[in-house]
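Colleague: Sequence plus predicted model, see below.
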Amino acid sequence: MTTTKIAVLGAGSWGSILASILVQNGGQVQLWTRRPEQAAEINEQHTNQRYVQNYHYPEELTATSDLSQALAGAQVVLFTVPTPVVRSVAQQVSPLLGTGEAAPIIVHASKGLEQETHCRISEILAAMIAPEKRQGIVVLSGPSHAEEVARQDLTLITAASADLACARQVQKLFMNDYFRVYTNTDVIGVELGAAFKNVIALGAGALAGLGYGDNAKAALMTRGLAEISRLGMALGAKPETFIGLSGVGDLIVTCTSVHSRNWRAGQQLGQGQSLEAVVQNMGMVIEGVKTCQSAYELAQQEKIEMPITAAIYHVLYEQAEIKSEIAALMRREGKAELSWD
Ligand SMILES: NC(=O)c1ccc[n+]([C@@H]2O[C@H](COP(=O)([O-])OP(=O)(O)OC[C@H]3O[C@@H](n4cnc5c(N)ncnc54)[C@H](O)[C@@H]3O)[C@@H](O)[C@H]2O)c1
Ligand SMILES: O=P(O)(O)OC[C@H](O)CO
């Protein structure tokens with residue numbers, strides 16, 4: 001069996017742990033970080049303390065701050081940088097890729113929408129990397145906190161692509177006894193479920209920060225899923241994708257786990273901290289903050305009712321009080337639960 005050469009771009013919590021799985025599964029991995037001192041820590045100490053505490057990376061994992069070295073001969077290129085920088089990283093990557101037979105499969109595992117354009121990440125990658133420089137584009141998504149994957153807790157995710165053969169290749173690369181991957185062809189649904197659940201998780205954290213209980217959490221998740229599905233379907237997603245791993249699965253984990261940066265950010269907002277302080281103190285990406293603006297604007301554009309997303313937008317971008325937004329949501333006129341009733 002030949003070894004697959006893989007470049008993982010972005011050495012934060014998710015990129016470094018996905019790189020670790022790929023090495024454990026026999027891949028030859030180059031992990032790229034823009035910071036040479038982080039590459040040195042991973043190569044020499046086999047740690048990445050700022051992002052994943054108390055974890056020892058496989059000694060075969062090599063990190064580099066040289067992008068051309070990371071990409072040399074790569075058959076698979078996995079983007080794991082935060083959504084706001086995907087475009088600029090892809091712009092640096094594109095000239096360094098081979099063409100035809102030498103073109104890699106492009107994979108991404110980021111969860112957001114570009115704030116200014118509302119683009120999904122696969123749309124950004126397709127725009128920045130010419131068709132002859134890629135075999136296909138695959139999205140990896142699902143309920144998966146890096147901290148739990150690091151301790152080899154059981155994790156199930158989805159590899160979605162319009163090109164099912166590429167999705168299957170990526171599935172094979174990642175599958176092992178604790179990490180199970182399903183394929184899906186609904187790229188739009190998988191990417192939108194991943195992006196929008198982060199917005200709802202901010203709300204779930206805010207409820208917890210204010211002291212609300214499990215009834216409120218379940219209500220928010222259920223009505224949040226209704227919003228995600230409504231907007232997702234208007235944008236071309238298949239409804240069944242939202243009851244899968246990248247939909248309700250990821251919504252559950254992000255709205256209920258203390259590992260979630262989005263949930264923790266919401267909790268801190270609920271406890272009265274300012275958004276600026278929360279973002280500054282997190283030190284890691286909180287995708288839901290910027291994606292909330294895209295979701296809000298897309299809902300207006302598509303004329304889709306998304307009252308929870310709108311309430312979160314008002315809190316994040318218009319300095320609304322969380323309690324007044326909750327009161328306004330509760331006082332909305334009575335509705336039928338299902339839109340077809
Ligand atoms: N952490 C998780 O458990 C997890 C799980 C699934 C998906 N994701 C998604 O993966 C993506 C990355 O998340 P993360 O948790 O690894 O974030 P993180 O904040 O832990 O790490 C982000 C990494 O990107 C790097 N980076 C930032 N700007 C950059 C730039 N301009 N050029 C190059 N590198 C840059 C940072 O230095 C850092 O190493 C997000 O979209 C997130 O939603 C995360
Ligand atoms: O820490 P979060 O909130 O970015 O969530 C991480 C993953 O998306 C959970 O599946």
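Modeller: Received the coordinates, thanks. Fair warning: this is a prediction, and the values are worked out from it, not measured in the lab. Residues are numbered from 1 along each chain as shown. Ligands and ions are numbered 1, 2, ... in the order given.

Colleague: I'd like the distance between the residue in the stretch 1-150 of the chain that ligand 1 sits nearest to and Val285.
Modeller: With Cβ to the nearest ligand atom, the shortest gap between the stretch 1-150 of the chain and ligand 1 falls at Gly12, namely 1.7 Å. To be clear about C-beta, it is placed using only N, CA and C from the backbone, and glycine gets the same treatment. Gly12 sits 7 Å away from Val285, going by Cβ to Cβ, to the nearest Å.

Colleague: Same question for Ala218.
Modeller: According to Cβ to Cβ, Ala218 and Val285 sit 27 Å apart.

Colleague: Mind listing the shared neighbours of Gly12 and Val285?
Modeller: Pro82 (Cβ atoms under 8 Å, 6 or more residues apart in numbering).

Colleague: coming back round to it: who touches the residue of the stretch 1-150 of the chain closest to ligand 1 in this structure?
Modeller: Taking Cβ under 8 Å, 6+ apart as the contact definition, Gly12 lies against 51, 80-82, 284-285.

Colleague: try Arg230
Modeller: Taking Cβ under 8 Å, 6+ apart, we find Arg230 in contact with 304-306, 339.

Colleague: Which pair of these spans the longest distance?
Modeller: Within the contacts of Arg230, two members stand farthest from each other by Cβ to Cβ: Met306 and Ser339, at 12.7 Å.

Colleague: higher neighbour count, the two?
Modeller: A side-by-side neighbour count of Met306 and Ser339, using other Cβ atoms under 10 Å, places Met306 first with 24 against 10.

Colleague: Could you tell me the phi and psi values at the more buried one?
Modeller: Dihedral pair for Met306: phi -140, psi 70, per degrees, to the nearest 10.

Colleague: what's the answer for Lys5, then?
Modeller: Main-chain torsions, Lys5, degrees, to the nearest 10: phi -90, psi 120.

Colleague: what's the neighbour count on it?
Modeller: Residues near Lys5, counting by other Cβ under 10 Å, number 17.

Colleague: can you give me the end-to-end distance of stretch 106-125?
Modeller: Taking Cα to Cα, to the nearest Å, stretch 106-125 runs 8 Å from one end to the other.

Colleague: hang on, Ala219 is in a strand, isn't it?
Modeller: No - counting by DSSP: H, G, I helix; E, B strand; the rest coil, one finds Ala219 to be helix, located in no strand.

Colleague: For Ala327, see how far away it is.
Modeller: Distance of Ala219 to Ala327, given as Cβ to Cβ: 15 Å.

Colleague: Please apply the same query to Ser65.
Modeller: For Ser65 relative to Ala327 (Cβ to Cβ), the value is 50 Å.

Colleague: more neighbours, those two?
Modeller: Shown here are Ser65 and Ala327; by other Cβ under 10 Å, Ser65 has more neighbours (16 against 10).

Colleague: Just give the number of residues close to the residue lying closest to that one once chain neighbours are set aside.
Modeller: Excluding the flanking residues, the one nearest Ser65 by Cβ to Cβ, 6 or more residues apart in numbering is Pro36, at 4.3 Å. The tally of other residues near Pro36 (other Cβ under 10 Å) stands at 12.

Colleague: Over to Leu329?
Modeller: Look at Leu329: counted by other Cβ under 10 Å, it has 16 neighbours.

Colleague: Nice, that's everything, thank you.
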